[in-house]
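[1] Got a predicted structure plus its sequence, pasted below:
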Amino acid sequence: MANFKGHALPGSFFLLFGFWWSVKHPLQQSWKRRQHGGRKDFPQLSKRIDFIEGIIKIFFAFVGIMAEQFVPDGPHAHLYNGEWVKPMNWQHSTMYLFYGISGIADVLSVSSLPVPAGLDRFALSLALFMEGFLFYFHVHNRPALDQHIHSLLLVPVFGGSASTMLEAFMRGNSLLELIRSSLAILQGTWFYQIGFVLFPLNGEDWDQESHGNIMFITMCFCWHVAVALLIVALNYSVVWWVTKRCGGGHNMDTEISLRKTTHTDSSSQKALLEESDEDI
């Protein structure tokens, strides 16, 4: 959709997943470290989380496709009628289609089927690559500012595709997971930025040919990068602090139990020795 809502929908999708990943992956790393302390349910819990994540992806993709196709001025599933019908809407629908495929791969990866390891990460990397590929040819022959602000979107898109592809072969790498989280948040906030610039809520259009506007948007992109990194760092710190507090209580309880057990064993041994002496 060539309006603000059309950019807010994918922006919300990437913001939601980026924020969630920036909490989920530090939690997973913490749970893995504490498995020896009794977290034997971690693999099953992780599978349930990934299953729900895949279902949400499929839902968002379905909503996106329906929104692009069946808005009042949409193509309504007509591709060609003497000429191409709303090719922009069809491109957006294709982008959502690949994210739906990524959601299906997530669900299959946690099923009992013999699915290759890393399929979920490969499917997500493919979806990001297809998004970038479509957007690269999306803004030809459009005003300079429009082209520039969309070209900046390719940085988190192709960056996310590359880092996610590496995850397919380096599963559980915490740095790659945080990079993917940061780039997803960056992509989400930048979709909103595109919507505010091209479809301003106050009705005052930006000068599409102004070099000053292009310079400001470039600087604004750098601010978005800083904000994305800050959000990930804050979430990581909060998760680390909370798990440390919870883990500390767990370790203390374990230590107290061990002390009680040791004390009980020592008392039992002492009583047995006393009984042996009396028998002699």
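    Sure thing, it's come through.
[2] Would you mark the buried spots in the helix or strand harbouring residue 10?
    For residue 10, the element it lies in under DSSP states H and E is helix 4-33. Buried residues in helix 4-33, counted by 16 or more other Cβ atoms under 10 Å: 4, 6-11, 13-15, 17-22, 24-31. Every residue, glycine included, has its C-beta placed from N, CA and C.
[3] If you count contacts, what does that helix end up packed against?
    The elements that helix 4-33 packs onto, with contact taken as 3 or more Cβ pairs under 8 Å, 6 or more residues apart in numbering; DSSP states H and E, are helix 42-70, helix 87-109, helix 174-198, helix 211-279.
[4] Specify the angle between that helix and helix 174-198 in degrees.
    Counting by axes from the mean of the first three to the mean of the last three Cα atoms, to 10 degrees, helix 4-33 lies at 170 degrees to helix 174-198.
[5] Phi and psi next, for residue 127.
    Dihedral pair for residue 127: phi -60, psi -40, per degrees, to the nearest 10.
[6] Next, the contact list for it, please.
    Taking Cβ atoms under 8 Å, 6 or more residues apart in numbering, we find residue 127 in contact with 95, 98-99, 101-102.
[7] related to what we said a few turns ago, need the winner for burial among the helices and strands packed on helix 4-33.
    Highest mean neighbour count of the helices and strands packed on helix 4-33: helix 174-198, a mean of 22 (counted as mean count of other Cβ atoms under 10 Å).
[8] Residue ranges in the protein under the pLDDT threshold?
    1-2, 34-43, 247-280 (pLDDT under 70).
[9] quick one on the thing from earlier: among the helices and strands packed on helix 4-33, which comes closest to residue 148?
    Closest to residue 148 of these is helix 211-279 (Cβ to Cβ; 5.2 Å).
[10] Pretty sure residue 163 is one of the things residue 129 touches, is it not?
    No: the pair residue 129 and residue 163 does not pass the contact test of Cβ atoms under 8 Å, sitting 11.8 Å apart.
[11] which of these two has more neighbours?
    When neighbours are counted by other Cβ atoms under 10 Å, residue 129 and residue 163 differ, and residue 163 comes out ahead with 23 against 18.
[12] if we can go back for a sec, so can I have JSON lines of the helices and strands packed on helix 4-33 showing distance to residue 119?
    Listed next are the helices and strands packed on helix 4-33 as JSON lines, based on distance: least, Cβ to Cβ, whole Å:
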{"stretch": "helix 42-70", "distance to residue 119": "11"}
{"stretch": "helix 87-109", "distance to residue 119": "5"}
{"stretch": "helix 174-198", "distance to residue 119": "16"}
{"stretch": "helix 211-279", "distance to residue 119": "26"}
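[13] who wins for proximity to residue 151 among those?
    Closest to residue 151 of those is helix 211-279 (Cβ to Cβ; 10.1 Å).
[14] Please convert the contacts of residue 127 to a markdown table, extending it with distance to residue 207.
    What follows is the contacts of residue 127, written out as a markdown table (distance: Cβ to Cβ, whole Å):
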| residue | distance to residue 207 |
| --- | --- |
| 95 | 29 |
| 98 | 35 |
| 99 | 34 |
| 101 | 40 |
| 102 | 38 |
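[15] can you give me the angle the helix holding residue 10 makes with helix 87-109?
    With the same axes, to 10 degrees applied, the angle from helix 4-33 to helix 87-109 works out at 20 degrees.
[16] can you give me the angle helix 4-33 makes with helix 42-70?
    In terms of direction (the same axes, to 10 degrees), helix 4-33 departs from helix 42-70 by 170 degrees.
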